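Colleague: Okay, here's the prediction I keep looking at, along with the sequence it came from:
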Amino acid sequence: GLRPQSLQADRALVDILNTMGGRVEVREDRVTAYPSRLHGAELSMGACPDIVPTVAMLAAAAHGTTRIRDAAHLRLKESDRIAAVVDGLTRLGVCAQPTPDGMIIHGGIQNTSPVELATFGDHRLAMSLCLAELLGARPMLDTPGCVAKSFPHFWELWETVRRANAEEHRA
């Protein structure tokens, strides 16, 4: 559903994935991202701060170090998204440090045990933290229902992604 010409900040994910070495196919009516070996990158997120939690999960999957900058105002959202993202990544076994305007993430999730993660009632944080499951982690979110603020059917669609991921790993 992401249109290549969209003015939404989510469109920036295509460029970020390309910067990190991802294989992304852009067509008139869809964008498809393929499994890829990602590498760390220096990323300015001032124009698209709402996707920082998702980009941080990409950085956790990447090889090397990613620096997310120009996003100090994330501390004033539904939660302090800088501190909250770093907390979630750290609980997942990722080496991550906050900076005044973002964070530094050294890729690699180490925790494959069930891990309780705080969403701070933040819908974007909840949706991004569940991505750790695709990397072998077992996140348990404290308030998964907070996604209803922006995406009431998220968990139904997420289940489709989970099933597809499980099938791919069985093959």
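Modeller: Nice, I can see it. Keep in mind the model is a prediction, meaning the values are calculated, not measured. Numbers count the residues shown, from 1 in each chain.
Colleague: Quick check: buried residues in the lengthiest helix in the chain?
Modeller: Using DSSP state H to define each element, the chain has its longest helix at helix 154-170. Neighbour-count burial for helix 154-170, counted by 16 or more other CB atoms under 10 Å, picks out F154, W155, W158. (C-beta placed from N, C-alpha, C; glycine too.)
Colleague: next one: stretch 136-143
Modeller: A137, P139, L141.
Colleague: Could I get the CA-only coordinates of the longest helix of the chain as PDB?
Modeller: Extracted in PDB, the C-alpha atoms of helix 154-170 (Å, rounded to 0.1, in the frame of the first residue of the first chain):
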ATOM      1  CA  PHE A 154      -2.000  -4.300  12.900                       C
ATOM      2  CA  TRP A 155      -1.900  -7.600  14.800                       C
ATOM      3  CA  GLU A 156      -4.100  -9.400  12.300                       C
ATOM      4  CA  LEU A 157      -1.700  -8.300   9.400                       C
ATOM      5  CA  TRP A 158       1.300  -9.000  11.600                       C
ATOM      6  CA  GLU A 159       0.100 -12.600  12.000                       C
ATOM      7  CA  THR A 160       0.300 -13.000   8.200                       C
ATOM      8  CA  VAL A 161       3.900 -11.700   8.200                       C
ATOM      9  CA  ARG A 162       4.800 -14.100  11.100                       C
ATOM     10  CA  ARG A 163       3.300 -17.100   9.200                       C
ATOM     11  CA  ALA A 164       5.200 -16.100   6.000                       C
ATOM     12  CA  ASN A 165       8.400 -15.800   7.900                       C
ATOM     13  CA  ALA A 166       7.900 -19.100   9.600                       C
ATOM     14  CA  GLU A 167       7.200 -20.800   6.200                       C
ATOM     15  CA  GLU A 168      10.300 -19.200   4.700                       C
ATOM     16  CA  HIS A 169      12.500 -20.500   7.500                       C
ATOM     17  CA  ARG A 170      11.100 -24.000   7.200                       C
END
